[in-house]
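Peer 1: With the sequence up front, the predicted model follows.
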Amino acid sequence: MIGNVIKYEQDNIDTDVIIPGTYLKIHDYNELATHAMEGLDPEFPSKVKDGDFIVAGKNFGCGSSREHAPIALSTCGIKAVIATSFARIFYRNSVDGAFLLPIEVDEETYKKISNSDQLEINIEKNEIKNITKNESYSMKPFSEIIAKIIAAGGLFKYKR
């Protein structure tokens, strides 16, 4: 999967920033996506092209357990979030619903990736290629069960 980076150089981007609570009553995913990242970057939806990636620091997706956060990002066009760590509930909501890939990297890799870099993610090889900088980075491998859920296309398909 290939996409461009939208980088937020901060930790603890919480679900209320990703999709503010006032929009939790919206059930139309396309409308929900128009408010993605509104608490941090109101211009975010206009910046995203289908297949893009968010890069952020530690504890991405902390806060409430709202499934709306990965849904809004995914519907907006984000295919993966690359961060140094994730809140577990955001991580599982992303994987279980097959909304987007939560990819963990070390601090050094996080610092090397810049806004607008073009990346290629290969989950089978646990590798991220930075096409812009002609560099390669390792990503934390998914656990066996998470890899199976991702390969199946989400938890419901995995359980069939």
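Peer 2: Thanks, I have the structure now. Residues are numbered from 1 along each chain as shown.
Peer 1: in the helix or strand of the chain with the lowest mean pLDDT, what counts as buried?
Peer 2: Scoring the helices and strands of the chain by mean pLDDT, DSSP states H and E places helix 155-159 at the bottom, with a mean of 90. Buried residues in helix 155-159, counted by 16 or more other C-beta atoms under 10 Å: Tyr158. The way it works is simple: take the backbone N, C-alpha and C, and place the C-beta from them, glycine included.
Peer 1: From the contact counts, what lies against it?
Peer 2: Here helix 155-159 is seen to pack against helix 144-152 when contacts are counted using 3 or more C-beta pairs under 8 Å, 6 or more residues apart in numbering; DSSP states H and E.
Peer 1: Could I get the average pLDDT for the helix it packs on?
Peer 2: Mean pLDDT, computed over helix 144-152, is 95.
Peer 1: Show me what counts as buried in it.
Peer 2: Within helix 144-152, the residues that qualify as buried by neighbour count (16+ other C-beta under 10 Å) are 146, 149-150.
Peer 1: what's the span of stretch 133-140, first residue to last?
Peer 2: In stretch 133-140, first residue to last residue: 21 Å (C-alpha to C-alpha, to the nearest Å).
Peer 1: and what of stretch 133-143?
Peer 2: The first residue of stretch 133-143 is 29 Å away from its last residue (C-alpha to C-alpha).
Peer 1: In that stretch, which residues are buried?
Peer 2: Applying a neighbour-count criterion of 16+ other C-beta under 10 Å, one finds 137, 139, 142 buried in stretch 133-143.
Peer 1: Counting only strands, which of those make the cut?
Peer 2: Within the buried residues of stretch 133-143, membership in strands is found for Tyr137, as judged by DSSP state E.
Peer 1: ok, of the buried residues of stretch 133-143, which one's closest to Ile123?
Peer 2: Using C-beta to C-beta, Phe142 is the member of the buried residues of stretch 133-143 that sits closest to Ile123, with 6.9 Å.
Peer 1: What are the neighbouring residues in contact with the residue lying closest to that closest one once chain neighbours are set aside?
Peer 2: Counting by C-beta to C-beta, 6 or more residues apart in numbering, Phe142 lies nearest to Ile150, which is 6.4 Å off, once chain neighbours are set aside. For Ile150, the contact set (C-beta atoms under 8 Å, 6 or more residues apart in numbering) comprises 95, 98, 101, 123, 142.
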